[in-house]
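Starting from these lines, generate the structure:
(chains A and B)
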There are 2 protein chains.
Amino acid sequence: MGMPRIDGDRLWASLLALAECGATAKGGVNRQALSAEEHAAWRLVIGWARDAGLTASTDAAGNLFLTLPGSDPQALPVLTGSHLDSQPTGGRFDGVYGVAAALEALLALAESDVRPVCDVIAVAWMNEEGSRFAPGMMGSQAFAGVMSMAEIEAVRDAQGISVAEALAEQMAVFAELPRRSLGFPLAAYLEAHIEQGPVLEAREKVIGMVTGIQGKKTWEITLSGMEGHAGTLAMADREDALAAFSRIAQRLYEEIGGHDTMVKFTIGRLRVEPNAPSVVPAKVVFSIDLRHPDNPVLEHLGQRLLAICTEQTAPCRVAVKALVDAPSNLFDADLQAQIEASAKRREIPSLHLLSAAGHDARYMAPLCPSAMIFIPCKGGVSHAEHEWAEPTHVTAGAQVLLDTLLTLCTDTSRGEP
Amino acid sequence: MGMPRIDGDRLWASLLALAECGATAKGGVNRQALSAEEHAAWRLVIGWARDAGLTASTDAAGNLFLTLPGSDPQALPVLTGSHLDSQPTGGRFDGVYGVAAALEALLALAESDVRPVCDVIAVAWMNEEGSRFAPGMMGSQAFAGVMSMAEIEAVRDAQGISVAEALAEQMAVFAELPRRSLGFPLAAYLEAHIEQGPVLEAREKVIGMVTGIQGKKTWEITLSGMEGHAGTLAMADREDALAAFSRIAQRLYEEIGGHDTMVKFTIGRLRVEPNAPSVVPAKVVFSIDLRHPDNPVLEHLGQRLLAICTEQTAPCRVAVKALVDAPSNLFDADLQAQIEASAKRREIPSLHLLSAAGHDARYMAPLCPSAMIFIPCKGGVSHAEHEWAEPTHVTAGAQVLLDTLLTLCTDTSRGEP
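Next comes the predicted model:
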């Protein structure tokens, strides 16, 4: 007992155990949102939480909550966590680190002499990655009221399974969990995450106080042409959707992707129909992910991008579906200062940095004071099976998270509605 | 009884019944090679053949033979047919017409006073389309000894199922069928088919005497880069396989596809890995289908195409797998003359034309005198769900096929080894 302290070995062991849920042959993880693999990860964290006397609950959007109760039922809870789903060839830290660190912090609190005033809740948001169901961050967007449940439930994966169906299956598997309402009031939100970029490693820092998240826009573009026989249909008579894609993509990579050194432009997913070697493609559906820290530049590039898609399409037709439209946002300055103070006290080198990747914290920031704690990842690599974070950094991030939570959950002045 | 005569209504009814095997919602057909849908089509044609006293057999490559026995067991058989498999969004005539017309001709012969000297055999070749297992024309290539069974059996579909496994399943379903050897000697080969091009329709002809098949080369190209996070990996540090594809494809469409009015250049199939909206693509695998009637031009374009793939790849890597390399070929002049004579006798307008599409007849031509009979298809459209042929043309093609078969199977001078 005494002051709460992160158990680095336990945290590391929990990350390794969670990495078994959806483990790939190459040492990575494929743990899609609302899949059997994610169910397995839920079972693990619910089990660990209950062993420590925490209670588990969920909500209509399939978010998972693990609660350490506070002494004052009137005090607004502090929320901390991230997500358990991964990219199809994802790694062992992206998202799951923030959930495991949150739970470890709660276990450390539960085992300590400290009695929190408010509830401290660890959360695993539903479908942050958006790889099975697009767009991502569905759970936090539902919680924040940015997307309606009707909109979310209608989304289907590549196999035609809807979010509604997958959610119903998950609710059946975890039927015993009580339901919380979406968007319950919060005192603060904290999220620990690997950086997914090279800055901390290059600057030899271990803790990043995240100032904000760069703006992001995503679209799904559909090019429609006409199928035909590869051996007989004259080139001049073709409406080849993949030829139209190549013209458009080549221009987009050059003009949008080459605009400046800050822009990130990605076509990550593409589907061809009917996708047979001797059939002229009738349809191409592809995703665009555009990010920029400067909101006016992001707006300008988004407009140019749509103009290029339209100009280069003939003789095919284009349909544009806007998915994410999230400007750059800023995190709470007080919370950044508390994170920095904790790192200083523990003599862990830290710096302020902008997040190039999107996170659920984006949708929490308008609801309550929110902040993120980054730790380095090797080579800045993420969304890849060889993603790696050093055990000492994993522990350091969780310790700083715990310190910050401790201030929040024992400071009754913040907990008042 | 009397002279054999095509029953146009029965032939049309059999085409409609076969179109139910793998019928799509849009009125087309998805009947992949060695699939349950193709098994259903086999059951239909075997049933019709047996009802008329014909015998069914198969071979190691999964080709189906329906035999009307001749009076002289020493006389070399005459073979006629096409294929029952379709493109994923294929039509109700491509391939299946040649099998149904062949069977109808055999039924007409069986019901007539004519007793053929040699066996007359209808064939349905395995996997002509190459959409489930690449390359296509596996059955005829195996029969002709152009591909070994080992090579064919190792090919896998998108689900990882090998031809060996799919063949074993088919052999189990049709275990009662006797096995013929591959490449048994033949007196002649005839194949009826829709034109899959606009020439007959535009010139208002009903029968095409096919002079030959334009040359074809196909490849599978793999571009390998490195995956990464769409929001954090700087554009300059990316090895984006889809960006490399776009550069290459844009050049190929321009230089190869735009070379002259005769060339056909198609990228019909493309797969992205890991294919997630927020992951920089690590791998792109795509097919190339190149056709040209002029062999030296085909060779030249093939070399330029590979040079472009290599030049434009950096910073990714390229791997090239050559699949089909088939120069233009010519069909038997005597058989073309017989087809023309039959059309003239019946006052059906005809013309000579080159086939822009590949057919199993390509691989029969070096084995025995071979020829093809084309009928028009609406708008020249094929490999599409709205593919259409007029019932009167369907009957006319089968009648000319029957006339030509009749000459071949009663002319004992051709049957000698």
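
which non-adjacent residue is nearest A:Ala33?
The shortest distance from A:Ala33 to any non-neighbouring residue, by Cβ to Cβ, 6 or more residues apart in numbering or on different chains, is to A:Asn127 (3.5 Å). In this view, the C-beta of every residue, glycine as well, is placed from N, C-alpha and C.

in what helix or strand does the residue in the stretch 1-150 of chain A positioned nearest to chain B lie?
The shortest separation between the stretch 1-150 of chain A and chain B is 4.0 Å, found at A:Ser131 (distances taken as Cβ to the nearest Cβ). When elements are defined using DSSP states H and E, A:Ser131 is found to belong to no helix and no strand.

wait, doesn't it sit right on A:His83?
No - assessed by Cβ atoms under 8 Å, A:Ser131 is found out of contact with A:His83, at 11.6 Å.

what about stretch A:135-145, distance to the chain center?
Taking Cα atoms, centre = their mean, to the nearest Å, one finds stretch A:135-145 lying 10 Å from the centre of the chain it belongs to.

which residues of the stretch 201-350 of chain A fall in strands?
Remark: strands assigned in the stretch 201-350 of chain A by DSSP state E, counting those that start in this stretch are A:207-213, A:215-224, A:228-229, A:264-266, A:270-273, A:279-280, A:283-292, A:317-326, A:329-330, A:350-355.

Within the sheet, what are the partner strands of the fourth one, with directions?
When you say that, I think you mean strand A:264-266. As defined by DSSP bridges, the strand partners of strand A:264-266 come to strand A:283-292 (antiparallel).

same deal with the third one?
Based on DSSP bridges, the strands next to strand A:228-229 in the sheet, each with its direction, are strand A:279-280 (antiparallel).

next one: the first one
The partner list of strand A:207-213 in its sheet, established with DSSP bridges, is strand A:329-330 (antiparallel), strand A:350-355 (parallel), strand A:370-375 (antiparallel).

tell me the pLDDT at A:Thr412?
Note for A:Thr412: predicted pLDDT of 52.

Ok, which of the strands of the stretch 201-350 of chain A comes nearest B:Cys377?
Shortest separation from B:Cys377 across the strands of the stretch 201-350 of chain A is recorded for strand A:228-229, at 9.7 Å, computed as Cβ to Cβ.

Show me what the closest one is in contact with.
Applying Cβ atoms under 8 Å, 6 or more residues apart in numbering or on different chains, the set of residues contacting strand A:228-229 from outside is A:237-238, A:278-280, B:196-197, B:356-357, B:381-384.

surely A:Thr404 meets A:Tyr189?
No - with contact defined as Cβ under 8 Å, A:Thr404 and A:Tyr189 do not form a contacting pair (11.2 Å).

okay, and the common contacts of those two?
By the contact definition Cβ under 8 Å, 6+ apart, A:Thr404 and A:Tyr189 are jointly contacted by A:Ala371.

doesn't A:Ser35 make contact with the residue nearest to A:Ala33?
No - using Cβ under 8 Å, A:Asn127 is not in contact with A:Ser35; the gap is 10.3 Å.

Neighbours of A:Gln399, how many?
A:Gln399 is flanked by 24 other residues according to other Cβ atoms under 10 Å in any protein chain shown.

should've said A:Gly62
For A:Gly62, which is what you asked about, the neighbour count (other Cβ under 10 Å) is 25.

residues contacting the closest residue to it other than its chain neighbours?
Leaving out its chain neighbours, the residue that sits closest to A:Gly62 by Cβ to Cβ, 6+ apart is A:Met126, at 3.9 Å. For A:Met126, the contacting residues are A:Ala33, A:Leu34, A:Ala61, A:Gly62, A:Asn63, A:His83, A:Asp85, A:Met138, A:Gly139, A:Ala142, by Cβ under 8 Å, 6+ apart.

One more pass at 7 Å, please.
Contacts for A:Met126 were tallied using Cβ atoms under 7 Å, 6 or more residues apart in numbering or on different chains; they are A:Ala33, A:Leu34, A:Ala61, A:Gly62, A:Asn63, A:Met138, A:Gly139.

Quick check: residues of the stretch 1-150 of chain A near chain B?
On the criterion Cβ under 7 Å from any Cβ of the partner chain, chain B has as its neighbours in the stretch 1-150 of chain A the residues A:Gln87, A:Pro88, A:Thr89, A:Gly130, A:Ser131, A:Ala134.

mind listing what the residue nearest to A:Ala33 touches?
Taking Cβ under 7 Å, 6+ apart as the test, what A:Asn127 contacts is A:Ala33, A:Leu34, A:Asp85, A:Phe133, A:Gly136, A:Met138, A:Gly139.

would TSV of the residues you listed with secondary structure, neighbour count and pLDDT be doable?
Formatted as TSV, the entries for those read as follows, by DSSP: H, G, I helix; E, B strand; the rest coil; neighbours: other Cβ atoms under 10 Å in any protein chain shown; pLDDT from 0 to 100:
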residue	secondary structure	neighbour count	pLDDT
A:Ala33	coil	28	98
A:Leu34	coil	24	98
A:Asp85	coil	32	98
A:Phe133	coil	24	96
A:Gly136	coil	29	94
A:Met138	helix	32	98
A:Gly139	helix	27	98
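
Count the neighbours of the nearest residue to A:Arg156 once chain neighbours are set aside for me.
Spatially, and ignoring its direct neighbours in sequence, A:Arg156 is nearest to A:Ser162 (4.9 Å; Cβ to Cβ, 6+ apart). The local packing of A:Ser162 (other Cβ under 10 Å) involves 15 other residues.

Over to A:Ser224?
A:Ser224 sits with 17 neighbouring residues when counted by other Cβ under 10 Å.

List the single closest residue to it in space, sequence neighbours excluded.
Nearest in space to A:Ser224, with sequence neighbours left out and distances taken as Cβ to Cβ, 6+ apart, is A:Arg317 at 4.7 Å.

Next: A:Gly257.
The spatial neighbour of A:Gly257 that comes closest, neighbours along the chain excluded (Cβ to Cβ, 6+ apart), is A:Phe265 at 3.9 Å.

Could you do A:Ala102 as well?
Using Cβ to Cβ, 6+ apart and skipping residues adjacent in sequence, the residue nearest A:Ala102 is A:Ala122, 3.9 Å away.

Report the contact partners of that neighbour.
Neighbouring residues of A:Ala122 by Cβ under 7 Å, 6+ apart: A:Leu66, A:Thr80, A:Gly81, A:Val99, A:Ala102, A:Leu103, A:Leu106.

If we use 8 Å, what do you get?
When contacts are counted by Cβ under 8 Å, 6+ apart, A:Ala122 is found next to A:45, A:49, A:54, A:65-67, A:80-81, A:99, A:102-103, A:105-106.

swap in A:Arg271?
Under the contact definition (Cβ under 8 Å, 6+ apart), the residues listed for A:Arg271 are A:Val284, A:Val285, A:Phe286.

would TSV of those with neighbour count be doable?
Formatted as TSV, those follow (neighbours: other Cβ atoms under 10 Å in any protein chain shown):
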residue	neighbour count
A:Val284	26
A:Val285	18
A:Phe286	22
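
where along chain A do the helices fall?
Defined through DSSP state H, the helices belonging to chain A, from first to last, are A:8-19, A:36-51, A:96-111, A:138-144, A:149-153, A:163-173, A:199-202, A:241-255, A:295-311, A:333-345, A:361-364, A:391-410.

For the residue nearest in space to the middle of chain A, give its distance to A:Gly183.
The centre of chain A sits closest to A:Glu128, judged by Cα atoms, centre = their mean, with a distance of 3.7 Å. For A:Glu128, the distance to A:Gly183 under the criterion Cβ to Cβ, to the nearest Å works out to 17 Å.

A:Ala168 too?
The spacing between A:Ala168 and A:Gly183, counted by Cβ to Cβ, is 21 Å.

likewise A:Arg238?
In this structure, A:Arg238 and A:Gly183 are separated by 51 Å, where distance is defined by Cβ to Cβ.

Between these two, which is the more surrounded one?
When neighbours are counted by other Cβ under 10 Å, A:Arg238 and A:Gly183 differ, and A:Arg238 comes out ahead with 23 against 13.

That'll do, ta.
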